[in-house]
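Student: make a model of this:
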Amino acid sequence: MHARRVLVALIAVPLLYLYVTKLPAPFFLILLMVVSTLALHEFFRMFRVPARLSALGLVCGLMLFAPHILNIEHPLNVQALAGAAAFMMLATVRLFLVKDPMRSFADLAPIAFGLLYIPSLLIPQWLLRLQGIEWIFMLYLSVWMSDTLAYYIGKNFGTRKLYPEMSPKKTVEGGLGSLLGGTAVGLVFGFFVMPSWGPVTLGLFGMFIGGITIIGDLVESMFKRDAGVKDSGTLIPGHGGVLDRFDSVLFAGPALYFMKQAFA
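Tutor: Numbering: from 1, shown residues only. You can find the predicted model right below:
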């Protein structure tokens with residue numbers, strides 16, 4: 001399992017680098033849409049959403065990207081309207097598709113929450129991409145280094161459980177490793193990649209990403225325990241599903257975007 005995780009990382013990291021640097025910006029938006037659709041499919045399957053409603057939910061997930069595809073002015077405002085339209089469509093279809101009010105909330109709640117959880121949290125990465133490729137690399141390298149140090153420090157030195165009710169293997173020591181990993185990447189970017197921001201500011205950004213990475217991971221663990229599954233899927237060898245691989249960056253992306261806007 002460890003060897004497969006390393007192999008996937010060795011393949012995925014160079015591919016991501018080439019994809020982001022060699023292709024025009026809209027291709028990154030397409031990548032986010034693909035990731036969103038795959039992760040939503042896994043989320044809906046975890047909570048046993050009926051097939052027809054699940055398919056409609058995937059269409060609604062793509063609708064949230066429409067303002068950014070069309071390059072509409074003030075896209076986040078229009079995105080909120082797209083979210084409202086998606087919910088109205090979902091509720092209307094459920095109303096007439098299943099002529100039984102029982103379980104209507106149970107059918108719609110995972111879809112509505114999935115749209116809020118996955119595409120809505122992925123879209124800030126597109127806003128970061130528009131402001132510079134370096135922000136995407138800082139985001140993913142911070143999350144990757146946080147996850148890596150959390151795993152190895154927790155595995156070798158972890159003794160105190162962090163939150164066993166949600167993730168019994170996570171330790172306080174691993175959490176400190178996550179903070180250290182994010183901070184290290186932020187300092188490197190502050191010194192060598194984006195010196196105009198400075199190592200102190202980006203070091204703090206990285207440390208915060210290290211912390212929010214843990215939260216994102218624990219949130220998905222909470223959902224999986226509620227759904228009674230170990231992994232969201234099996235698409236990525238050694239990592240589980242797409243949602244398993246992107247759970248941390250779902251929270252880290254908006255966090256980095258908000259911090260950048262606040263300090264700009």
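Student: alpha carbons only for contacts and neighbour counts from here, please
Tutor: Fine.
Student: shouldn't A184 be in contact with G203?
Tutor: Yes - counting by C-alpha atoms under 8 Å, A184 touches G203, with 6.9 Å between them.
Student: what bits of the protein have low per-residue confidence?
Tutor: 1-6, 8-9, 237-239 (pLDDT under 70).
Student: burial count for L218?
Tutor: Per other C-alpha atoms under 10 Å, the neighbour tally for L218 reads 19.
Student: was I right about it contacting M166?
Tutor: Yes - using C-alpha under 8 Å, L218 is in contact with M166, at 6.4 Å.
Student: in this structure, which spans are helices?
Tutor: Using DSSP state H, the helices of the chain run over residues 2-22, 25-46, 51-63, 66-69, 75-97, 104-117, 119-130, 133-157, 172-188, 199-227, 242-263.
Student: got the contact list for the third one?
Tutor: Applying C-alpha atoms under 8 Å, 6 or more residues apart in numbering, the contact partners of helix 51-63 are 33, 36-37, 40-41, 44, 82-83, 86, 90, 94, 107, 111, 115, 119.
Student: report the buried residues of stretch 128-147.
Tutor: 128-129, 135-147 (16 or more other C-alpha atoms under 10 Å).
Student: buried deepest among the helices of the chain, which one?
Tutor: helix 172-188 (a mean of 25; mean count of other C-alpha atoms under 10 Å).
Student: packing partners for that helix?
Tutor: Secondary-structure packing of helix 172-188 (3 or more C-alpha pairs under 8 Å, 6 or more residues apart in numbering; DSSP states H and E): helix 133-157, strand 161-163, helix 199-227.
Student: please name every helix or strand in contact with the second one.
Tutor: It refers to strand 161-163. Using 3+ C-alpha pairs under 8 Å, 6+ apart, strand 161-163 is in contact with strand 167-171, helix 172-188.
Student: buried sites along it?
Tutor: K161, L162.
Student: coming back round to it: so for L235, which of the helices of the chain sits nearest?
Tutor: Closest approach to L235 among those is made by helix 242-263 (6.7 Å; C-alpha to C-alpha).
Student: dump that closest one to PDB, restricted to CA.
Tutor: C-alpha atoms of helix 242-263 as PDB (Å, rounded to 0.1, in the frame of the first residue of the first chain):
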ATOM      1  CA  VAL A 242     -11.100  11.000  -5.600                       C
ATOM      2  CA  LEU A 243     -12.900  12.500  -2.600                       C
ATOM      3  CA  ASP A 244     -10.400  10.700  -0.300                       C
ATOM      4  CA  ARG A 245      -7.500  12.400  -2.200                       C
ATOM      5  CA  PHE A 246      -9.100  15.800  -2.400                       C
ATOM      6  CA  ASP A 247     -10.700  16.100   1.100                       C
ATOM      7  CA  SER A 248      -8.000  18.200   2.500                       C
ATOM      8  CA  VAL A 249      -7.600  20.600  -0.400                       C
ATOM      9  CA  LEU A 250     -11.400  21.200  -0.400                       C
ATOM     10  CA  PHE A 251     -10.900  23.200   2.800                       C
ATOM     11  CA  ALA A 252      -7.400  24.500   2.100                       C
ATOM     12  CA  GLY A 253      -8.300  26.100  -1.300                       C
ATOM     13  CA  PRO A 254     -10.900  28.500   0.000                       C
ATOM     14  CA  ALA A 255      -8.700  29.200   3.100                       C
ATOM     15  CA  LEU A 256      -5.800  30.200   1.000                       C
ATOM     16  CA  TYR A 257      -8.000  32.300  -1.300                       C
ATOM     17  CA  PHE A 258      -9.500  34.100   1.700                       C
ATOM     18  CA  MET A 259      -6.100  34.800   3.300                       C
ATOM     19  CA  LYS A 260      -4.700  36.100   0.000                       C
ATOM     20  CA  GLN A 261      -7.600  38.500  -0.400                       C
ATOM     21  CA  ALA A 262      -7.400  39.600   3.200                       C
ATOM     22  CA  PHE A 263      -3.600  40.400   2.900                       C
END
